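>>> Build the 3D model from these lines:
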Amino acid sequence: MKLNLATTTNGAVFLPHQVAESMPFSSNKLPEILNWFSLKEKSTEAEIIKKEQEECEEPAMEGEARYRATSLESLIHFRTSKLGRNVNVLTNEVKTGSQEYEFGVGMKKVADKSVVCHKMNYPYVVFYCHTFTKTRTYMIPLVGADGTKAKAMACGLQSAQC
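Presented below is the predicted three-dimensional model:
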């Protein structure tokens, strides 16, 4: 399996909750968003923001709850609303880049409920978070073509075969 693990580290930071909540965050507010960041409509940055907005606004799949967290407070609120206060934070442990990976030995189930959050490519920190009913989360060891060991999180549907 070939994985391309791109970095999303763009120097963006969380905004204070009140500031983040006051900012527009919708594709129909794109001109206002671009103005907020002094970006030209045809710029590369504007295209990235447009694409990220469109992805956030795609309809949820059956059994999926979606949320975009624009502040640390909103990220914590969504996670605790879905999982309660006693949570474990897990993350992938991989280098960025592209190479062939093989599954290693020792896949293990780490949770029956999860909230998965992906950092978006946005001028300030925004996470696209979602959770599915009837899923389990697994930690999967990987071994890269260059011998690099990594761990990746994966979610799968709960069934009698899992």
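
>>> Please make it C-alpha for all contacts and neighbour counts, starting now.
Noted.

>>> Give the residue spans of this structure that score low on pLDDT.
Where the chain drops to pLDDT under 70, the residues are 1-10, 95-98, 157-162.

>>> residue nearest the centroid of it?
In the chain, the residue lying closest to the centroid (CA atoms, centre = their mean) is H118, at 0.9 Å.

>>> residues in contact with the host helix or strand of that one?
Using DSSP states H and E, the element containing H118 is strand 116-119. Contacts with strand 116-119, where a contact means CA atoms under 8 Å, 6 or more residues apart in numbering, come from 8, 125-131.

>>> those helices in this protein, which residues are they?
Applying DSSP state H to the chain gives helices spanning 17-22, 30-36, 44-56, 72-83.

>>> Make TSV out of those and add distance to E102 and mean neighbour count.
As requested, those are arranged in TSV below (distance: least, CA to CA, whole Å; neighbours: other CA atoms under 10 Å):
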stretch	distance to E102	mean neighbour count
helix 17-22	40	13
helix 30-36	41	15
helix 44-56	29	16
helix 72-83	31	15
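
>>> closest to A154 out of these?
Comparison of those against A154 by CA to CA identifies helix 72-83 as nearest, at 17.6 Å.

>>> Which strands or helices does the closest one pack on?
The contact analysis (3 or more CA pairs under 8 Å, 6 or more residues apart in numbering; DSSP states H and E) places helix 72-83 against helix 17-22, strand 64-69.

>>> so how far is S74 from the residue nearest to the centre of the chain?
Counting by CA to CA, to the nearest Å, the separation of H118 from S74 is 14 Å.

>>> And for S22?
Between S22 and S74 the distance, using CA to CA, works out to 13 Å.

>>> quick revisit: tell me the one among the contacts of strand 116-119 nearest to A111.
Ranked by distance to A111 (CA to CA), these are led by T131 at 12.3 Å.
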